[in-house]
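Novice: Would you be able to build a 3D model of this:
(one chain, ligands or ions: 1)
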Amino acid sequence: MSGRFVIWAPSMHSEPAAKCGYCHGNKGENKDQLFALDSWAHRYMDKMDAIEIENCTMGSFVEHMDMDTYDRLCNMGFRRSGKFLYKVDPLRNCCRLYTIRTTPREVAMTKELKKCVSRFANRITGGDCCSAALPSSDFVGRIVDAELNSKAFHTRFEPALYSDEKYQLFVKYQENVHQDYKNSPKSFKRFLCDTPFGPEEVLGTQESWEQLNNWQSMKPGEKLKHVGPAHECYYHEDKLIAIAVSDILPSGISSVYFIWDPDYSKWSLGKLSALRDLAIIQKTNLQYYYLGYYIQDCPKMNYKANYGAEILDVCHGKYIPLKSIENMISRGKLFVLGEKKAKVSKELYLADTDTRKLLSFPTDNAVKYKNIAEEIYGAEGCAFESANESALELKELYGIPYEEEDLDTIYHLKEQNTHFPSGIPNVVPGLLPLWELLDIMQSGKITDLEGKLLLFEIETEGIRLLMNFYNEPPTVKKRICDVIRLFGFETCMKAVILYSEQM
Ligand SMILES: [Zn+2]
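Specialist: Alright, predicted model coming up:
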């Protein structure tokens with residue numbers, strides 16, 4: 001199965017926005033910020049008591065995936081929690097979660113960040129290092145110099161495996177910082193140790209860990225050998241004081257979670273860990289630092305902008321400097337960048353998303369951009385009508401059970417309690433649009449999956465190659481289409497889809 005993308009058939013999960021960990025369904029006076037677009041806010045603001053605003057996530061449990069695949073999926077807006085791979089439906093969700101990344105070059109060292117580094121250097125060296133001689137903007141040089149000259153502080157990268165010492169720190173952190181008292185070794189493992197990656201990436205080699213643990217001394221151009229999940233344990237006077245849980249991707253480091261000892265709150269370890277990760281990225285010749293999701297109207301998350309950043313336009317699979325779209329995404333709004341003069345008549349083309357390079361939008365001013373999210377997904381936008389036409393053809397011509405979707409079903413009535421009975425909705429920004437799926441059927445490209453895609457039915461424990469798409473039962477066809485729409489056609493080709501006929 002190595003190289004295979006082994007996943008459970010994707011599904012949509014929704015729960016009332018009150019359970020959203022960021023806004024708790026409450027944006028105070030700014031209720032309109034629960035809506036992705038002004039036109040939806042306009043349409044629904046006076047019906048707020050009747051509709052259920054939800055927290056909407058799509059994804060799959062993943063049994064196996066390699067780091068290259070995960071790297072690409074991260075740049076399509078996915079994140080993982082343990083073995084669960086997910087992305088948010090930015091249209092229906094109460095909050096707009098944007099993938100955010102930065103590079104060491106982009107970090108603007110504020111006074112606060114400079115202070116954080118110099119205090120750290122003083123604490124761990126007792127003031128006995130030459131880092132003070134370096135310019136205060138050179139945070140990489142200062143951190144490296146201080147750590148190489150410290151006897152009291154060191155860190156160690158190691159496999160993302162359980163230990164009692166790590167678990168104790170996790171509990172202390174969760175209870176004191178998040179008032180979360182429902183922890184167990186099992187929940188710790190599921191959240192921060194379980195991964196969908198193979199043993200070669202989880203365990204690495206002695207040589208690869210050794211190189212990573214001596215990151216301060218790597219030479220320019222030297223290639224980092226380790227890719228995979230890692231726990232970086234921070235020790236002060238041999239006491240474990242923090243753990244950075246990360247995925248080391250071919251293109252950079254993706255921060256998963258950070259745990260710190262509340263007794264060390266004065267160290268500003270959260271800020272420091274981001275700067276340390278950026279220093280590691282620079283010294284190990286990686287490119288990007290992925291900080292997870294950015295939510296503009298969430299005070300808990302918008303600190304991420306301080307590290308200088310690019311935001312993913314999930315419909316183009318391209319990044320754009322946060323500064324240049326800040327006004328488009330303020331008030332919790334969805335953005336899709338488009339040329340000012342271009343007219344949009346359907347959802348954007350997405351087919352090659354999974355083979356795209358990690359591009360940024362051209363930042364020259366020759367073409368002026370605007371936010372085209374309303375034109376596509378707005379209450380008067382083009383997406384829903386076009387998706388309904390395609391849904392009809394997909395069903396009639398190819399027997400794939402797509403149903404038309406009413407524009408009014410974006411939000412459910414509270415009394416209906418329907419919660420996406422038909423799975424992944426027809427219109428979701430960043431997913432392959434139905435018109436394009438229809439193209440894949442009509443051009444015959446769908447047959448490229450035959451002889452490549454594997455299907456595993458849980459009830460019969462039968463694994464088989466897809467031999468003829470058209471002969472598959474409607475429910476299997478729909479599941480294959482869900483995988484194509486979520487993860488892309490190329491990724492679907494190397495997939496093993498696990499499914500249950502009873503689910
Ligand atoms: Zn929310």
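Novice: all helices in the stretch 51-200 of the chain, in order from the N-terminus.
Specialist: 67-74, 111-125, 139-148, 164-178, 185-192, 199-203 (DSSP state H, counting those that start in this stretch).
Novice: closest to residue 30 out of those?
Specialist: Among the helices of the stretch 51-200 of the chain, the nearest to residue 30 by C-beta to C-beta is helix 164-178 (24.6 Å). Every residue, glycine included, has its C-beta placed from N, CA and C.
Novice: elements contacting the closest one?
Specialist: helix 185-192, strand 239-249, strand 252-260 (3 or more C-beta pairs under 8 Å, 6 or more residues apart in numbering; DSSP states H and E).
Novice: and the helices of the stretch 51-200 of the chain as a markdown table, adding mean pLDDT?
Specialist: Putting those into a markdown table (pLDDT from 0 to 100) gives the following:
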| stretch | mean pLDDT |
| --- | --- |
| helix 67-74 | 94 |
| helix 111-125 | 93 |
| helix 139-148 | 94 |
| helix 164-178 | 97 |
| helix 185-192 | 96 |
| helix 199-203 | 95 |
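Novice: Is residue 348 in contact with residue 316, as I believe?
Specialist: Yes - here residue 348 lies in contact with residue 316, judged by C-beta atoms under 8 Å, at a distance of 6.7 Å.
Novice: okay, and the common contacts of those two?
Specialist: residue 336 (C-beta atoms under 8 Å, 6 or more residues apart in numbering).
Novice: Out of the helices of the stretch 51-200 of the chain, flag the one nearest residue 49.
Specialist: For the helices of the stretch 51-200 of the chain, proximity to residue 49 was assessed by C-beta to C-beta; helix 164-178 is nearest, at 31.0 Å.
Novice: tell me which residues of that closest one are tucked away?
Specialist: Within helix 164-178, the residues that count as buried by 16 or more other C-beta atoms under 10 Å are 166-167, 169-174.
Novice: Same check on stretch 305-325?
Specialist: Those buried within stretch 305-325 under the rule 16+ other C-beta under 10 Å are 305-320, 322, 325.
Novice: between the helices of the stretch 51-200 of the chain, which one is nearest to residue 264?
Specialist: helix 111-125 (9.7 Å).
Novice: Now do the closest one: everything it contacts.
Specialist: Contact with helix 111-125 is made by 107, 129, 131-132, 136-137, 139, 142-143, 145-147, 149-150, 152-153, 236, 267-268, 271-272, 275, 306, as judged by C-beta under 8 Å, 6+ apart.
Novice: at 6 Å instead, please
Specialist: Contact with helix 111-125 is made by 131, 136, 139, 142, 146, 149-150, 152-153, 268, 271-272, as judged by C-beta atoms under 6 Å, 6 or more residues apart in numbering.
Novice: cool, stretch 64-71 as well?
Specialist: Residues from elsewhere that reach stretch 64-71, judged by C-beta under 6 Å, 6+ apart: 1, 5-6, 196, 201, 227, 249-251.
Novice: all helices of the stretch 201-350 of the chain, in order?
Specialist: If DSSP H, counting those that start in this stretch is used as the criterion, the helices of the stretch 201-350 of the chain fall at 206-213, 269-283, 322-329.
Novice: mean confidence score for the last one?
Specialist: Same thing as helix 322-329. The average of the pLDDT scores along helix 322-329 is 90.
Novice: Go ahead and name everything in contact with it.
Specialist: Here helix 322-329 has contacts from 296, 305, 309, 311, 335, 371, using C-beta under 6 Å, 6+ apart.
Novice: And the strands in the stretch 401-503 of the chain, which stretches?
Specialist: 412-413, 454-457, 462-465, 495-499 (DSSP state E, counting those that start in this stretch).
Novice: closest one to the ion among those?
Specialist: strand 412-413 (16.3 Å; C-beta to the ion).
Novice: which strands and helices sit next to the closest one?
Specialist: On a contact count with 3 or more C-beta pairs under 6 Å, 6 or more residues apart in numbering; DSSP states H and E, strand 412-413 meets no helix or strand.
Novice: Relative to that strand, what are the paired strands and their orientations?
Specialist: strand 51-52 (antiparallel) (DSSP bridges).
Novice: The ion versus the nearest residue to residue 203 once chain neighbours are set aside, what's the distance?
Specialist: Once flanking residues are discounted, residue 203 sits nearest to residue 159: 5.6 Å by C-beta to C-beta, 6 or more residues apart in numbering. Taking C-beta to the ion, to the nearest Å as the measure, residue 159 and the ion are separated by 34 Å.
Novice: Residue 159: neighbour count?
Specialist: Close neighbours of residue 159, defined as other C-beta atoms under 10 Å, add up to 16.
Novice: and what of residue 22?
Specialist: For residue 22, using other C-beta under 10 Å, the count is 18.
Novice: coming back round to it: kindly write the ChimeraX command that selects the buried subset of the contacts of stretch 64-71.
Specialist: Command for ChimeraX that selects the buried part of the contacts of stretch 64-71, burial taken from 16+ other C-beta under 10 Å:
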select :5,6,196,201,227,249,251
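Novice: and the contacts of stretch 64-71 as TSV, adding distance to the ion?
Specialist: Shown next, in TSV, are the contacts of stretch 64-71 (distance: C-beta to the ion, whole Å):
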residue	distance to the ion
1	37
5	30
6	31
196	26
201	33
227	33
249	27
250	32
251	29
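Novice: so can I have TSV of the contacts of stretch 64-71 showing distance to residue 13?
Specialist: What follows is these, written out as TSV (distance: C-beta to C-beta, whole Å):
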residue	distance to residue 13
1	26
5	20
6	20
196	18
201	27
227	29
249	25
250	29
251	28
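Novice: how about residue 31, what does it touch?
Specialist: Contacts of residue 31 (C-beta under 6 Å, 6+ apart): none.
Novice: Phi and psi next, for it.
Specialist: Main-chain dihedrals, residue 31, degrees, to the nearest 10: phi -60, psi -30.
Novice: how distant is the lowest-mean-pLDDT helix or strand in the chain from the center of its chain?
Specialist: When the helices and strands of the chain are compared on mean pLDDT, DSSP states H and E, strand 412-413 comes out lowest with a mean of 80. Counting by C-alpha atoms, centre = their mean, to the nearest Å, strand 412-413 is centred 28 Å from the centre of its parent chain.
Novice: coming back round to it: for the ion, find the nearest of the helices of the stretch 201-350 of the chain.
Specialist: helix 322-329 (14.5 Å).
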